[in-house]
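Visitor: sharing a model that was predicted from the sequence below.
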Amino acid sequence: MGKSKKKLAVLLAATMTLTMMCGMTTFAEESDVSDPTAVTEPAAVPEPVMVEPTTPEPVITEPAVTPEPAAPTQPDTIPEPTTPDEPDITTQRTTPGEPDTAAQPTTPEEPDTTTQPTTPEEPSTATDPDITTEPDTSAESDVTDPAAESDPVDDPDAAGTETDDTQEIIEEEDTTAEEDVEDDYIPVEEPESSVWIGTDNEKDPYVELDQSDEFISLGEGKGSYKYTDGNLVLKDVNIELGTDWLPGFDITGTIVINLQGNNNIATKGDGINVYNGDLTINGDGTLTIKCTGDVGDGIFVSDGSLTIDGAKVTISTETKYGSDAITVYDGDINIINGADVTANAKVTGEETKYASVYGIHAYNGKINIKDSNVTANADGKISLEGKMDDWVRQLGIGIYSESSDIYPDDPYLAEYARPAGITIDNSNVNASGSFAAMLVIGKDGTITIKDSTIITPDDVNIRELMGTIEDDPDAAAVQIGAILAKGEGAVDLDAIMEEYYRLLDEGDDAALAEFLTSILDNTVKEVKIVRDSELVTAEKSMIPRTGDSFNAETLLLVLAVSGCICAYLIRKKVIA
């Protein structure tokens, strides 16, 4: 290419770049060059082609650099979904506990600007678009330019079509900024399954378990494990950790833990964490978990369900700020087939004025207990003495199921909501809590007891919770849960909140405390449920045996002897 033409190409490239930056998408055709609009299409760039001229020094023909279209307006930072404020029995309408925001469904991240079309920069002379659009005449006589055969700009009609397509792409990209946040969300691929175990080695506190068909020792006195394809067998495992945050097991993906022997986990963090998968615990052995740090759940499952199938599991969390013995987010809890589960949670920090602690807790999920024995306790202090700032509200609930469907005005929470409910079927259950023994929060959520009977207290009933969950003042009250409480009939949460706010506006802390105390007094703090088959056996044992029993035969014999003696005495008297 001659020097004059190269200068002309550079000038055209600079002019085209400045024109595009001003928002123009069409250009005037030059009489001696190909249509420059063809190079504005964000299509695939032709591969570099080596053009061998007749001159001794080879000249490399660079591919055309396609200036990208102007970037559409970048959407503002995506607002995070509105989550409910920190729950409070004095301020929360429907739930006394705060859902753990750490396990809430995460908001989609802001789109990566690196994937958005960027403002085109001015091409350099090394990447002059006209180098490929105008073949070098000096080499034309000897070498056929393959780039000229495949270059789409040689066809004016094709160039016009590409320009139209480019305009359509730009318009489509412009509309992207106006779409909802959910349309911009790109789901994250699930990570591969893995099992990590905490150790007492300060230099290497976290170790990933290797898969093996044979048992692998964890060290002297620490037991052994066998791990293959989502199945983990624990045999007399003993884990003792002193680091505050370190969990006993940290697992990604669905897994089945089989218990052999006696297995113990003692930690100042969580006992067992499972993310993005279901956890099943079975086997003839036992599992004991104790958490004693500032925080630390015994078993925590996120985006999956927990099933304890016939196993014996004992969990105790005694933490400063209050943590759950068993908690599952976005999944159900199933305790079945003769399982024996004890889940105790306690707040130990005396200076902790507010805490929510649960024995067994399912957020966006149900709790099902069938043919099993369960003890669930959540211990905390509640004191409404003095000024409100001095109140202590460590709200404990023995068994608690809740759903985010009570927030219909928040589309994000409503979209990921799952039903709540508690079902106890042919099981023995002891539940207690500083606030309530058993509670369900969720639309149409209820407590169901089958083939089992509440034996204490005798005046407890399953009472529906009714309330308005929409901002519309004309909306009707709906069932948003159930609670074990004294009295009969549904509990009107709207009336309770109306009175609460009236007393709060008056600023009379003593009157407000008295009102809240009257509500707490009607809430059942401890309940005992026994399967009907055991009740029938117990009742029969209290009834005197008859028929062919030994006691009946003895009674008949005594009566017969007594009758004979009486008859003899009467006869003697008559004869006399």
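Guide: Yep, that arrived.
Visitor: residue 258 contacts residue 233, correct?
Guide: Yes - the criterion here is C-beta atoms under 8 Å, and residue 258 meets it with residue 233 at 4.6 Å. For every residue, glycine as well, the C-beta is placed using N, CA and C.
Visitor: could you tell me which residues touch both of the two?
Guide: Contact criterion C-beta atoms under 8 Å, 6 or more residues apart in numbering; residues bridging residue 258 and residue 233 by contacting each: residue 283.
Visitor: how about the helices in the stretch 351-500 of the chain?
Guide: Per DSSP state H, counting those that start in this stretch, the stretch 351-500 of the chain carries helices over the ranges 411-415, 493-506.
Visitor: from residue 333, how far off is residue 413?
Guide: Using C-beta to C-beta, to the nearest Å, one obtains 20 Å as the distance from residue 413 to residue 333.
Visitor: ditto for residue 407
Guide: 22 Å.
Visitor: which of the two has more neighbours?
Guide: Neighbour totals were compared for residue 407 and residue 333, and residue 333 leads with 25 against 19 (other C-beta atoms under 10 Å).
Visitor: where does that one fall, phi/psi-wise?
Guide: According to degrees, to the nearest 10, the main-chain angles of residue 333 amount to phi -120, psi 120.
Visitor: circling back: I'd like the helices of the stretch 351-500 of the chain as a markdown table, with mean neighbour count appended.
Guide: Shown next, in a markdown table, are the helices of the stretch 351-500 of the chain (neighbours: other C-beta atoms under 10 Å):
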| stretch | mean neighbour count |
| --- | --- |
| helix 411-415 | 17 |
| helix 493-506 | 14 |
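Visitor: what's the least confident stretch among those helices?
Guide: When the helices of the stretch 351-500 of the chain are compared by mean pLDDT, helix 411-415 comes last with a mean of 84.
Visitor: which strands and helices sit next to that one?
Guide: With contacts taken as 3 or more C-beta pairs under 8 Å, 6 or more residues apart in numbering; DSSP states H and E, helix 411-415 sits against no other helix or strand.
Visitor: where does this structure have low pLDDT?
Guide: 1-191, 473, 537-576 (pLDDT under 70).
Visitor: separation between the residue nearest to residue 370 when sequence neighbours are not counted and residue 305?
Guide: The shortest distance from residue 370 to any non-neighbouring residue, by C-beta to C-beta, 6 or more residues apart in numbering, is to residue 425 (4.3 Å). Distance of residue 425 to residue 305, computed by C-beta to C-beta: 17 Å.
Visitor: of these two, who's got more company?
Guide: The residue with more neighbours, out of residue 425 and residue 305, is residue 305; 21 against 16, by other C-beta under 10 Å.
Visitor: hang on, the more buried one packs against residue 332?
Guide: Yes - the pair residue 305 / residue 332 is scored as a contact, 4.6 Å apart, by C-beta under 8 Å.
Visitor: anything in contact with each of those two?
Guide: If you check residue 305 and residue 332 against C-beta under 8 Å, 6+ apart, the residues they both contact are residue 365.
Visitor: circling back: spit out the contact partners of the residue nearest to residue 370.
Guide: 368-371, 450-452.
Visitor: hmm, which of these are the buried ones?
Guide: 368-370, 452 (16 or more other C-beta atoms under 10 Å).
Visitor: so how far is residue 408 from residue 472?
Guide: 10 Å.
Visitor: neighbour count winner among the two?
Guide: The residue with more neighbours, out of residue 472 and residue 408, is residue 408; 15 against 9, by other C-beta under 10 Å.
Visitor: nearest to residue 312, of the buried ones among the contacts of residue 425?
Guide: Checking the buried ones among the contacts of residue 425 against residue 312 by C-beta to C-beta gives residue 369 as the nearest, at 14.8 Å.
Visitor: who's the closest one bridged to?
Guide: Per DSSP bridges, the residues bridged to residue 369 are residue 335, residue 424.
Visitor: wait, it sits on residue 429?
Guide: Yes - contact criterion C-beta under 8 Å: residue 369 and residue 429 qualify, at 6.2 Å.
Visitor: could you look up the SS state of residue 512?
Guide: helix (DSSP: H, G, I helix; E, B strand; the rest coil).
Visitor: leaving out chain neighbours, which residue sits closest to it?
Guide: residue 503 (4.3 Å).
Visitor: the one you found touches residue 511, doesn't it?
Guide: Yes - contact criterion C-beta under 8 Å: residue 503 and residue 511 qualify, at 5.3 Å.
Visitor: from what I can see residue 485 touches residue 465, true?
Guide: No - at 9.5 Å, residue 485 and residue 465 do not qualify as touching, with contact defined as C-beta under 8 Å.
Visitor: looking at these two, which one has more neighbours?
Guide: Neighbours were counted for residue 485 and for residue 465 using other C-beta under 10 Å; residue 465 has more, 26 against 22.
Visitor: contacting residues for that one?
Guide: 94, 441, 479-483, 490-491, 493.
Visitor: burial measure for the closest residue to it other than its chain neighbours, as a count.
Guide: In space, and not counting its chain neighbours, residue 465 is closest to residue 481: 4.1 Å by C-beta to C-beta, 6+ apart. Using other C-beta under 10 Å, residue 481 has 28 neighbouring residues.
Visitor: note down every partner strand of the strand or helix carrying residue 288 and its orientation.
Guide: Here residue 288, judged by DSSP states H and E, is contained in strand 286-291. If you go by DSSP bridges, strand 286-291 pairs up with strand 262-267 (parallel), strand 312-319 (parallel).
Visitor: show me where the stretch 151-300 of the chain has its helices.
Guide: Going by DSSP H, counting those that start in this stretch, the stretch 151-300 of the chain shows helices at 156-176, 181-184.
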